[in-house]
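[1] Please work out how this folds:
(2 chains)
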There are 2 protein chains.
Amino acid sequence: MSAIAELKPPDLEPRFARLRAQVDRALDRLLPPAGERPARLHQAMRYSVFNGGKRLRPILTMMACEAVGGTAAAAMPAACAIELIHTYSLIHDDLPSMDNDDYRRGKPSCHRRFDEATAILAGDALQAAAFGVLAEEVSDADRSAALGRELGSAAGSRGMVGGQALDLGATSKSNSSELERIHLMKTAAMFRAAARMGAVCAGAPPPSVQRLGRYGQSLGLAFQIVDDILDVCGTARDLGKTPGKDSAQDKATYPARFGLEKSRRRAELLIRQVVKEAMSLGARGKPLSDLAEFIIRRTR
Amino acid sequence: MSAIAELKPPDLEPRFARLRAQVDRALDRLLPPAGERPARLHQAMRYSVFNGGKRLRPILTMMACEAVGGTAAAAMPAACAIELIHTYSLIHDDLPSMDNDDYRRGKPSCHRRFDEATAILAGDALQAAAFGVLAEEVSDADRSAALGRELGSAAGSRGMVGGQALDLGATSKSNSSELERIHLMKTAAMFRAAARMGAVCAGAPPPSVQRLGRYGQSLGLAFQIVDDILDVCGTARDLGKTPGKDSAQDKATYPARFGLEKSRRRAELLIRQVVKEAMSLGARGKPLSDLAEFIIRRTR
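    Predicted structure coming up:
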């Protein structure tokens, strides 16, 4: 990628690795064992959940919670729910009738490793598990219901799934407001929900929830642009998937529409907004600002 | 079907029609309009939700609520959630990589009317909407969370989706305990949840919730056996789908495993248990007993 990729701050990865390990343990605890019947289904669910994901969204949830006075532990059910939704969406997006991707994070995608029917069902079950964990593991009923509302609207036809549907009909010729709408729904809605849900888990007042929602939404937009840039510039080894796939499929992406340089500038601009939003939270916003820097500098 | 089909009690249909109309209005209100973008996705969701379904499960939820002192209106969000999950499961079950059904209720199945990607996404969005309505429309947070727990466990890999996964691997040679396990997970788990959720909406104490859960579970088993019998004996006009499909696909069904007569006796026996469970609720249990009679006598 560009020169900024070389400047990766050295002190973020240990902290992310710690949070990632916590999320992984929690996900392992809440998913049925791979040996439990139907074993093939449970294996497929675990295969996709534990496939080397970066856990950016659940890390965002936990950090958002901490930024407004809560603990990472209090945000864990919400963090897991967000990651389960994200995982199911990747499984379904990879299906032959959708993006038809044979690889995901360097390994066969779920329907290639198992079969199409199992992949559809694994995705379906992971979505149920996501909402289930909010209902099962959040002891405060008011918070549980508030989290369900956030996730329901972000994951549904007015959020992530709606964005994926728009994306199916879009091409590199789609205009910029259409492109922004797709990114807002497909990616930013879940980043926004991840951040807001973290704030809800801290019991934060509505203005804080809204502020973190704005932070998350801009972060999600920036993330998607960087993702599209990486698809053009990244290597298969770094990405774990076939680079150049978006342009081969004439997908609606920032680089396809505006070129690389303009896309990089747009991402940088968004990240500056995001960092400003984070810093307005004072010293506790620093990790959220670091997370934004991490996302703009990532190479995979 | 058999002679009992002729004896359909005359006074149930008006009541069911009334409840069905109430559910339809509520579903219409809560789903995004067909004109809202992404229009194709919202059209597909509405196409499948308003496809002439019998609404048995939401009717069960409302009647269960009334049987323990609540109102049909109080049960409406739960009733809608149950029907949305049911609809999404039919869309995904019909997909080419699953049961590969071209027709559903006499009309092209969702992926035939639209396309496979849209059908997958419509199902995904309907599942999110199901959990969303529990979080959005149930004002009592404790009940909202309890309903989320019920739905999460009934719809997931230990319930409906798990049953569908087992069903994929089963054949007419599967033994009877495997057959029962599939029916319990694939169908009875959602009937059980439908009844329990109705009781939860009435604020019923745990023993009543459990009793209605037993009623719903047995009713679901009986329903599935009758469904399999109808697949053998029904006409395409009555069923709205191709009869004989299960046996052509060597599916694990009661008739395939035990023959028609034994299957009918098993269904009758289950319904007698169900009616007994309903009558133990006193006069208020009568509609639930009627619902059981309706299910054993149905011809489509």
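
[2] Stretch A:89-105 spans what distance, first to last residue?
    In stretch A:89-105, first residue to last residue: 14 Å (CA to CA, to the nearest Å).

[3] Report the buried residues of it.
    Within stretch A:89-105, the residues that count as buried by 16 or more other CB atoms under 10 Å in any protein chain shown are A:89-99, A:101, A:103-104. No exception for glycine: its C-beta is placed from N, CA and C like everyone else's.

[4] which residues in the stretch 151-300 of chain A form helices?
    A:160-169, A:176-183, A:189-201, A:206-233, A:236-239, A:245-248, A:254-258, A:260-279, A:286-297 (DSSP state H, counting those that start in this stretch).

[5] wait, which of those helices is closest to chain B?
    Chain B sits nearest to helix A:160-169 of all the helices of the stretch 151-300 of chain A, at 4.0 Å, using CB to the nearest CB.

[6] Name the residues of that closest one that come out as buried.
    For helix A:160-169, the neighbour count (16+ other CB under 10 Å) marks A:Met160, A:Val161, A:Gly162, A:Gly163, A:Gln164, A:Ala165, A:Leu166, A:Asp167, A:Leu168, A:Gly169 as buried.

[7] circling back: can you tell me which of the helices of the stretch 151-300 of chain A the model trusts least?
    Here those differ in mean pLDDT, and the lowest is helix A:236-239 at a mean of 58.

[8] circling back: same list, the buried residues of stretch A:89-105, but only the ones touching chain B.
    Residues of the buried residues of stretch A:89-105 in contact with chain B (CB under 8 Å from any CB of the partner chain): A:Ser89, A:His92, A:Leu95, A:Ser97, A:Met98.

[9] With pLDDT as extra columns, can I get those residues in CSV?
    Formatted as CSV, these follow (pLDDT from 0 to 100):
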residue, pLDDT
A:Ser89, 98
A:His92, 98
A:Leu95, 98
A:Ser97, 97
A:Met98, 96
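
[10] Which two of these have the greatest separation?
    A:Ser89 and A:Ser97 (14.8 Å; CB to CB).

[11] give the contact list for the most centrally placed residue in chain A.
    Nearest residue to the geometric centre of chain A (CA atoms, centre = their mean): A:Arg57, 4.5 Å. For A:Arg57, the contacting residues are A:Ala79, A:Ile82, A:Glu83, A:His86, A:Met190, A:Phe191, A:Ala194, by CB atoms under 8 Å, 6 or more residues apart in numbering or on different chains.

[12] For B:Ile91, see how far away it is.
    27 Å (CB to CB, to the nearest Å).

[13] Find me the pLDDT at A:Gln127, would you?
    If you check A:Gln127, the pLDDT there is 98.

[14] Report whether the host helix or strand of it contacts chain B.
    For A:Gln127, the enclosing helix or strand under DSSP states H and E is helix A:116-137. Yes. Helix A:116-137 lies within reach of chain B by CB under 8 Å from any CB, at A:116-118, A:120-121, A:123-125, A:127-129, A:131-136.

[15] among those residues, which ones are buried?
    Counted by 16+ other CB under 10 Å, the residues of helix A:116-137 next to chain B give A:116-118, A:120-121, A:123-125, A:127-129, A:131-136 as buried.

[16] OK, contacts around A:Met160?
    A:Ile85, A:Ser89, A:Ala154, A:Met185, A:Lys186, A:Thr187, A:Ala189, A:Met190.

[17] Run a quick neighbour tally on the closest residue to the third one other than its chain neighbours.
    Excluding its sequence neighbours, the residue lying closest to A:Ala154 (CB to CB, 6 or more residues apart in numbering or on different chains) is A:Ala193, at 3.5 Å. The criterion is other CB atoms under 10 Å in any protein chain shown. On that basis, A:Ala193 has 32 neighbouring residues.

[18] Going by neighbour count, which residues in stretch A:256-264 are buried?
    Neighbour-count burial for stretch A:256-264, counted by 16+ other CB under 10 Å, picks out A:Ala256, A:Arg257, A:Phe258, A:Leu260, A:Ser263, A:Arg264.

[19] Need the residues that contact that stretch.
    With CB under 8 Å, 6+ apart, stretch A:256-264 has contacts from A:2, A:172, A:174, A:176, A:179, A:225, A:228-229, A:232-233, A:246-247, A:250, A:254-255, A:266.

[20] Of those residues - the most surrounded one?
    Comparing the contacts of stretch A:256-264 by number of neighbours (other CB under 10 Å), A:Ile225 comes first, having 27 neighbours.

[21] Would you check that that residue makes contact with A:Arg265?
    No. Using CB atoms under 8 Å, A:Ile225 makes no contact with A:Arg265, being 9.9 Å away.

[22] where's A:Trp32 relative to A:Leu151, distance?
    Let me fix one detail, which is that residue A:32 is Pro and not Trp. The value you get for A:Pro32 to A:Leu151, if CB to CB is used, is 21 Å.

[23] no, scratch that, I was asking about A:Leu168
    For A:Leu168, the distance to A:Leu151 equals 23 Å [CB to CB].

[24] give me every residue that touches A:Leu291.
    The neighbourhood of A:Leu291, defined by CB under 8 Å, 6+ apart, consists of A:Leu12, A:Leu56, A:Ile59, A:Leu60, A:Met63, A:Leu219, A:Ala278.

[25] Write out the residues of the stretch 201-300 of chain A neighbouring chain B.
    Checking the stretch 201-300 of chain A against chain B by CB under 8 Å from any CB, there are no hits.

[26] Next, the angle helix B:116-137 makes with the helix holding A:Gln127.
    Angle of helix A:116-137 versus helix B:116-137, following axes from the mean of the first three to the mean of the last three CA atoms, to 10 degrees, is 10 degrees.

[27] so how far is helix A:116-137 from its chain's centroid?
    Relative to its chain's centre, helix A:116-137 lies at 16 Å (CA atoms, centre = their mean, to the nearest Å).
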